[in-house]
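Colleague: When you get a sec, could you give me coordinates for this:
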Amino acid sequence: MMLDRGLIPLLAIFAATQANAAAEFHVDPDGRGTSCTRASPCALATAQAKIRRGASRDFVVELHSGTYMLGATWALDARDGGFNGHRVIYQALGIGGASPATVVISGGRRIVGPWALGVTTAAGLKVYRADVPATLETRQLYVNGRRAERAISTAIPADLARTATGYTTRDVAFTSWRNPGDIEFVFTGGDYGHYDYAAPQPFTEAVCPLDHVDHAGGATNIVLNPICNDVAAKWGGSRWYADGAYRDFGRPTRVENAYELFALPGQ
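Modeller: Presented below is the predicted three-dimensional model:
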């Protein structure tokens, strides 16, 4: 048997390359077990845990198509960044190819119902409801992958005026709204196209929830959430003046999240 000594360095390089090749893990929204192979993908959290326990080498996590519903914020720290100069890469399966996987990592909550008819609006729209955990706080609802528009109105009473606790108006409509604690006033900065310190900035948008609504002495008193009202009075998110003085939000741009504002299908 003859051995060409010229092959030894090449064989050594090949062996070293194989030893240092990136470990590949496959994950899937419905992944199970700990194999993390293409044929038997695991959960995203499982792959992350394996990497944190792994030796110093490169890791590539291939995410298969689907929506990864997370029960908590996906936290990444120093343990997820590789060791001794090695890399950890999370990527959609097939990235760079003709048909890469479509991946969504979501911190949302899937509302499975049951859905039941809640109310029927004056316009004949049927509003359906489903129970959700009391701790769920969100301004976004997606239906079949598309974000649903909230019930809104830009019809602000002409006489709406600022008070120390919120607003006042002679319009009695607010007093009949059934969920004042869920209603929000939105304040959008003016679109001036330049940065004039004596005008609302175009990129600002503040949201203040209502605390309650009452009617006395012929006036409807709209009380804002006290914390937000304090911010409105002192920070002046939409108005900051060059003289250093603060101005409050002024009149809201629109009202959101009232049952009485349902007007269009899909809201």
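Colleague: Do a quick rundown of the strands in the stretch 151-267 of the chain.
Modeller: Ranges of strands in the stretch 151-267 of the chain, per DSSP state E, counting those that start in this stretch, are 152-153, 161-162, 166-169, 184-188, 205-216, 219-224, 254-256.
Colleague: Serialize those strands to JSON lines and add fields for distance to Arg79.
Modeller: For every residue, glycine as well, the C-beta is placed using N, CA and C. Shown next, in JSON lines, are those (distance: least, CB to CB, whole Å):
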{"stretch": "strand 152-153", "distance to Arg79": "44"}
{"stretch": "strand 161-162", "distance to Arg79": "51"}
{"stretch": "strand 166-169", "distance to Arg79": "48"}
{"stretch": "strand 184-188", "distance to Arg79": "39"}
{"stretch": "strand 205-216", "distance to Arg79": "36"}
{"stretch": "strand 219-224", "distance to Arg79": "44"}
{"stretch": "strand 254-256", "distance to Arg79": "41"}
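Colleague: Tell me which of those sits nearest to Ala92.
Modeller: strand 205-216 (31.8 Å; CB to CB).
Colleague: any idea of the mean pLDDT for that closest one?
Modeller: Taken as a whole, strand 205-216 has a mean pLDDT of 88.
Colleague: and it, what does it pack onto?
Modeller: strand 184-188, strand 219-224, helix 226-234 (3 or more CB pairs under 8 Å, 6 or more residues apart in numbering; DSSP states H and E).
Colleague: about what we covered before: among the strands of the stretch 151-267 of the chain, which is nearest Pro265?
Modeller: Pro265 lies closest to strand 152-153 among the strands of the stretch 151-267 of the chain, at 14.4 Å (CB to CB).
Colleague: residue ranges with poor pLDDT in the stretch 151-267 of the chain?
Modeller: Applying pLDDT under 70 to the stretch 151-267 of the chain picks out residues 189-204, 232-249.
Colleague: Now with 50, please.
Modeller: Applying pLDDT under 50 to the stretch 151-267 of the chain flags the ranges 190-200, 236-246.
Colleague: Now do the contacts for Asn221.
Modeller: Thr163, Thr165, Gly166, Tyr167, Thr168, Val213, Asp214, His215 (CB atoms under 8 Å, 6 or more residues apart in numbering).
Colleague: typo on my end, it should be Pro226
Modeller: Contacts for Pro226 (CB under 8 Å, 6+ apart) come out as Thr165, Asp211.
Colleague: what do you get for Trp74?
Modeller: So Trp74 contacts Leu44, Ile105, Gly107 (CB under 8 Å, 6+ apart).
Colleague: and the residue lying closest to Ile89 once chain neighbours are set aside, what are its bridge partners?
Modeller: Leaving aside its sequence neighbours, Ile89 sits nearest to Val60 (CB to CB, 6 or more residues apart in numbering; 4.8 Å). Residues in a beta bridge with Val60, per DSSP bridges, are Glu24, Ile89.
Colleague: circling back: could you export the helices and strands packed on strand 205-216 as CSV, including distance to Asn84?
Modeller: Formatted as CSV, the helices and strands packed on strand 205-216 follow (distance: least, CB to CB, whole Å):
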stretch, distance to Asn84
strand 184-188, 50
strand 219-224, 54
helix 226-234, 47
